[in-house]
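# no sequence on this one, just coordinates:
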Ligand code: COA
């Protein structure tokens, strides 16, 4: 029966999807969608991609400034000491079905980490930074271990001497990555670290705003990131490229998709109206990794999709578009692209959670009520 809900929804005035609504004050990151500029704590993303490391960016997002040498050494040391998972958590992971989605495995495992951290419910700054350190250190271990376990292999023990990027690739494949791959992966982590109030970060802040613990806030953020309209887009980009198969089929495929009003994954953005500055670096990596692997086909097909989408719709690639072919050429399984997003974004989530705890106010907006009022209760037989 038509309840009039659709008509009421159509006349609603609240900003759909909260577009343009400012919902928090933050010094962590800022996106200028008109000019295509992204900054972390005042530093342009291009500067950070060129000169910094992921660990430096983690420090920056938590403390609001770049670390001095000894501060960075201390953070790296603390992270290395936390790489290993509690044995009970690893045992729990062994019970998961092999066909489970990697993002579901990550969500459930992060939630379980809470049990083995005696300070989990302490939201003081000091203990929260310690918890955040564990999460940044252990999420890569979970992702790599789950990949090994589902393939019937033993997880590779983390190496505390390695940085996060190198250690992750090492644990994933059981062999040391090339220096070039490790540095490109490190920059990928920098590029994905924060993006202001994206859906998963907003989720993390809403949960932290109730003074629930960090594990809870991060578990909810992982769930938000898993959706195809958020972090899930990168896997779908690669699926699309594989489905298209070769260069000649790109144009008809995209035209058919547009005619059928299907969205092309990795294209468009809720805030950027020009090139996403992260895509500038990822486009270069896709080409570089492709050339090194002797296979530039996926890069070239991506360029063609980009060109058609710009010509037909005036749209640009987002962060997910070229990360897909970059990771593919690094030999990373498709369904790990979104968990890898989480390996990086945990730095931004925890930065925002620390910021929320430091100046907390329960996040509780209002809804614009568009339903009827004053109805009288009708007995069952009278409806
Ligand atoms: N391919 C084709 N058309 C697209 C599109 C895409 N990737 N993204 C948006 N559009 C079109 C929509 O169909 C819509 O057209 P219409 O007005 O004719 O109905 C219009 O552009 C606005 O789309 P909408 O989804 O309302 O815009 P938004 O600002 O909310 O979109 C995204 C932002 C990211 C959700 C959207 O661009 C998208 O779904 N992209 C693909 C998924 C993706 O890559 N997500 C990762 C984001 S980092």
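Looks like it arrived, so ask away. These figures come from a predicted structure and were not determined experimentally. Numbering: from 1, shown residues only.

# so what's the closest residue to the ligand within the chain closest to, chain neighbours aside?
Nearest residue of the chain to the ligand, counting by Cβ to the nearest ligand atom: residue 268, 2.5 Å away. For glycine as for every other residue, the C-beta is placed from the backbone atoms N, C-alpha and C. Counting by Cβ to Cβ, 6 or more residues apart in numbering, residue 268 lies nearest to residue 315, which is 5.0 Å off, once chain neighbours are set aside.

# pretty sure that neighbour contacts residue 309?
Yes: using Cβ atoms under 8 Å, residue 315 is in contact with residue 309, at 4.9 Å.

# burial measure for residue 285, as a count.
The number of residues packed near residue 285 is 25, by other Cβ atoms under 10 Å.

# from what I can see it touches residue 321, true?
No: the pair residue 285 / residue 321 is not scored as a contact, 11.7 Å apart, by Cβ under 8 Å.

# In terms of secondary structure, what does the longest helix seen in the chain contact?
Longest helix of the chain, by residue count under DSSP state H: helix 125-150. For helix 125-150, the elements it packs on are helix 54-63, helix 69-82, helix 87-94, helix 102-113, helix 164-173, helix 214-225, helix 337-358, judged by 3 or more Cβ pairs under 8 Å, 6 or more residues apart in numbering; DSSP states H and E.

# from the chain's centre, how far out does that helix sit?
Relative to its chain's centre, helix 125-150 lies at 14 Å (Cα atoms, centre = their mean, to the nearest Å).

# go on, stretch 80-99?
Offset of stretch 80-99 from its chain centre (Cα atoms, centre = their mean): 21 Å.

# Quick check: buried residues in that stretch?
80, 82, 83, 85, 89, 90, 92, 93 (16 or more other Cβ atoms under 10 Å).

# Save these as JSON lines, and put in distance to residue 144 too.
Output for the buried residues of stretch 80-99, formatted as JSON lines (distance: Cβ to Cβ, whole Å):
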{"residue": "80", "distance to residue 144": "15"}
{"residue": "82", "distance to residue 144": "15"}
{"residue": "83", "distance to residue 144": "10"}
{"residue": "85", "distance to residue 144": "10"}
{"residue": "89", "distance to residue 144": "14"}
{"residue": "90", "distance to residue 144": "12"}
{"residue": "92", "distance to residue 144": "16"}
{"residue": "93", "distance to residue 144": "11"}
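
# Tell me, how many residues neighbour the closest residue in space to residue 343 that isn't next to it in sequence?
Computed as Cβ to Cβ, 6+ apart, the closest residue to residue 343 that is not its neighbour in sequence is residue 140, at 4.9 Å. Neighbourhood size, residue 140 [other Cβ under 10 Å]: 26.

# Could you do the one 5 residues further on as well?
Around residue 145 there are 26 other residues, counting by other Cβ under 10 Å.

# from here on, count from 306
All right, first residue 306 from here; so that's residue 450.

# And the pLDDT for the residue nearest to it when sequence neighbours are not counted?
Among residues not flanking residue 450 along the chain, residue 460 sits closest, at 3.7 Å (Cβ to Cβ, 6+ apart). In this model, residue 460 is scored at 98, pLDDT.
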